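Pasting a predicted model and its sequence here:
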Amino acid sequence: MGVAHLSQRGKFMAIFNIQKREIECKIVYYGPGRCGKTTNLEYVFKAFKRQVTGEMVSVDTEGDSTLFFDFLPMGLGKINGCDVRVQIFTVPGQQKYSSTRKLVLKGLDGVVFVADSLAVRREKNLISLKDLQQNLKEYGQSITRIPLVLQYNKRDLADEGVPIMSVEQMERDLNRQLKVTSFEASATKGTGVGKTLQECLKLTLISLHKELQWSK
Amino acid sequence: MSTQPVLTGNLNFIDLADLLQLLNADGKTGVVTLTSRYVEKPGIIHVLDGNPIHAFCDEKKGEEALYAMFGWGEGNFEFTLDDFSHDRVIMKTAMAVILDALKLVDEGEIQKIGPVQHTGDKMRDESGRIHLPVVRGPAFSDYMYLADEESFRAGERIIEQGRHGNWLWVVLEGVVKIVKNTPKGDVVISRVGSGAFVGSLSSMTRPDHPRSASAMAEGDVLLGVIDTRQLMSELAGLSEEFLNLIRGIENRLSMISDRAVELKHSETIPSNLPLDIKPVIHQGDHVTKLFFVETGHAYLVQKINGQKIFLGTLEPGDFIGRLPIFKHKHEPDMASIFASPDLKLSIQDSDALMAEYEKAPNLIKNIIEFTSICVSVITDLASRNIL
C-alpha cells in the first residue's frame, strides 16, 4: 500500500507514506477538562491557517469538545527528503469516551500537556498527568521518553484577580521529575500557544529523526 | 464488476476506524465490504480518494449506515477495487466520520452487534434490579435443519428443569430467559436472543440426562425446532473424543450456572475448597496442552481484584487446559486449576480435535461457540456476583 508503520522499540509510530513522500505523525493535547486544550487548537487553527490543510473536525463530547486537524509545519525542514504532516488532536477527558481515547492515543508521537493555572484546579492537573502516564503505558509508551511539553495556561487570569498558582509551584507539582520544557500561556489571547506547539513539533521531529537513523 | 479483494482482514485485529484511517492516509479508492456472522447482510462502504462517500447497512444508507457499522464488534472486512457510483452522499471527511462515530459508540447511541448485547452501561439500575445482557448466536442460516417453527407467548415455559427431553431450539425472534429453579426460588441466569440455542447437544447423546434449567419466553418469541434426526446422524459421525469435548463444554456451562446461583444465595463467599489440593495451572500460565480428567477432581479458582473466587469442580470426563475454540474466562488465562491428591489426567491431541472442529457441520460449531460464550458471560456474572 506504500504505507509503512515504523514502530521500532515500540515508541515511534509515525506513518511513512512512500508514494506521497510524506511522514505522518501525531501530536496530542492532553490535560484536565476545561484547561484550554480546545482553545489552544482553535488559536493554532486560526493563527497558522496557511499551515493547516483541510478543515477542523470538532466533535461535541461532554466536558471538552474533541478537535482534530492536519498541520504542515513550515521551516522545520524535511526528514530523509520527506515532508512532515502532523495530525493534531485533543483527547476527551471523560472516561466513558474510551473508543475515542483509544483512537487518539494509539501511535501518538508527541504530547502537549496543558495544565490549568487556577489554584482550584491543582488536584485536577495532578490526576490528569497521572492519567496520561497510565494511558501511555497502556499503549507501550513511557511518559519519560515520549516528546512532551508542558504548558501552564490561563496566566492572564492573575490580572483579573483570580487566584492562580505560581509557576514555581506548578513546576514543583508537575515537572519536578519530568524536567521537560514548559511554557506560560494564555490560550484565549494566543500568548505562548505557538511557542508550545513549536517546541513539541521540534522535539517530535528530532525523535523521529533519531529513530530513522537508528533503524538504518 | 466484482474483482479480487486487495486487502482482507479481521475486525478484531484492525477495526473499522483503523481501516478507514489506513485507506485515508493513502487516498485509496474502492469498496469496503464488512461481513459478520451476527448480521444477515454485509455492510458496504464506497471510498473515494480516501474518504467514505456512501454506505449501505441493512436498510440504512449514507452516514447512518456507516455509523451503524462501527457497532460491529466482530467480523471480517475486504477492500476491492470494484467500480461504484461516485455520488457523494457522505460529506464529512474520514476523520470527522470516525470521531463522530466513536463518540456515538461511547455514548451508547450505536447498537453493538456481536454475541453479547448489553442493555446499558450498568447491569443494575437505581432500584437494584438486574438487567442481564442478552447473549445471541450467529445469524441462523442452517434452514435445512429446521423441522418446524413454534411460537410462545410471554411467560410461557419452553423447557421444565428436571424433565427429560432432547428437543433443541434456535431462537428466531424475541428473548428467552434461562431460569434455575432452586429451593430459595427461581433465579434468571441468562437471557438469550436471536441465533441462540435452547437445549443442549448432550441431551441428545445422553437421553437419560434431565434438563438442567428451565427456559421461559420473556416476551413473545418465535423458535425454530431443530430436526434432531438430522443432527443425531451428524453427531454419530464425530469421534468419541470430540463428543467428550462437547460434553465438557456443556458441563462447564451447567457447573458455572450452578455456582453463580450458589454465590447469589450465600451471604459470604464460601470457598468449599478441600485443604489438600495443589495448584496445577496458575492463572496466566502459558499452557498449550489440553487434558481430560480421568480420576479425581480439579477445582477452578479465579483471582479477580485481589479476591479468590471458587468457580466450580471439574470431574472425570471434563477437560482442563487450553482449548482454542473455547472463548471462556477460565484457565489458563483467567483462572487457576487446583488438583485433588488423586487427580489423574490424560493428555489430548488438541490439533486433531481442532481439525475435527474445523470440518464439523456449521450448526454444531455454532452451538459449541454459543455455549462457550454463555460460559464466559455467566462466569463474569458469577465472579462479580451480579445475579
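Yes, it's here. Quick caveat, the model's predicted, so the values are computed rather than measured.

what helices or strands is the top helix by length along chain A leaning on?
Here the longest helix in chain A is taken by residue count, with DSSP state H as the criterion, and it is helix A:193-215. In this structure, helix A:193-215 packs against strand A:22-30, helix A:37-47, strand A:83-90, strand A:110-116, strand A:148-153, strand A:182-184, with contacts taken as 3 or more C-beta pairs under 8 Å, 6 or more residues apart in numbering or on different chains; DSSP states H and E. (Glycine included, C-beta is placed from N, CA and C.)

buried residues in that helix?
Using 16 or more other C-beta atoms under 10 Å in any protein chain shown as the test for burial, helix A:193-215 gives A:193-194, A:196-205, A:207-208, A:211-212.

show me what contacts B:Gly43?
With contacts taken as C-beta atoms under 8 Å, 6 or more residues apart in numbering or on different chains, B:Gly43 has the following neighbours: B:33-35, B:55-58, B:65, B:68-69, B:72.

who does it bridge with?
B:Leu34 (DSSP bridges).

what's the answer for B:Phe292, then?
On the basis of DSSP bridges, B:Phe292 is bridged to B:Phe319, B:Ser346.

how many other residues sit next to it?
Counted with other C-beta atoms under 10 Å in any protein chain shown, the neighbours of B:Phe292 add up to 20.

hmm, back to that, who wins on neighbours among the contacts of B:Gly43?
Counting neighbours by other C-beta under 10 Å, the top entry in the contacts of B:Gly43 is B:Met69, with 28 neighbours.

ok so, going back, can you tell me which of the buried residues of helix A:193-215 is nearest B:His164?
Of all the buried residues of helix A:193-215, B:His164 sits closest to A:Glu211, with 67.7 Å by C-beta to C-beta.

Let me know the pLDDT of that closest one.
Here the pLDDT value assigned to A:Glu211 is 79.

before we move on, what about B:Leu263?
According to the model's per-residue confidence, B:Leu263 sits at a pLDDT of 84.

give me the element it is part of.
Taking DSSP states H and E as the criterion, B:Leu263 maps to helix B:240-265.

Please export the C-alpha coordinates of the next helix-or-strand element following that helix as PDB.
Scanning forward in sequence from helix B:240-265, with DSSP H and E defining helices and strands, the next element found is strand B:278-281. Coordinates of the C-alpha atoms in strand B:278-281 are reproduced here as PDB (Å, rounded to 0.1, in the frame of the first residue of the first chain):
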ATOM      1  CA  LYS B 278      -2.400 -28.300  45.000                       C
ATOM      2  CA  PRO B 279      -2.200 -25.800  42.000                       C
ATOM      3  CA  VAL B 280      -1.600 -27.400  38.600                       C
ATOM      4  CA  ILE B 281      -2.300 -24.400  36.500                       C
END
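
Could you count how many residues lie near the residue of the stretch 201-350 of chain B found nearest chain A?
When you check the stretch 201-350 of chain B against chain A by C-beta to the nearest C-beta, the closest residue turns out to be B:Asn305, at 17.3 Å. As a burial measure, B:Asn305 scores 7 neighbours (other C-beta under 10 Å).

if we can go back for a sec, give me the angle between the longest helix of chain A and strand A:83-90.
Between helix A:193-215 and strand A:83-90, the angle formed by their directions is 120 degrees, by axes from the mean of the first three to the mean of the last three C-alpha atoms, to 10 degrees.

where does chain A have low pLDDT?
Across chain A, the stretches falling below the confidence threshold (pLDDT under 70) are A:1-13, A:214-216.

which parts of it sit against chain B?
For chain A, the contact set with chain B under C-beta under 8 Å from any C-beta of the partner chain comprises A:1-3, A:15, A:17, A:19-20, A:24, A:54-55, A:57, A:59-61, A:66, A:68, A:87, A:92, A:96-100, A:103.
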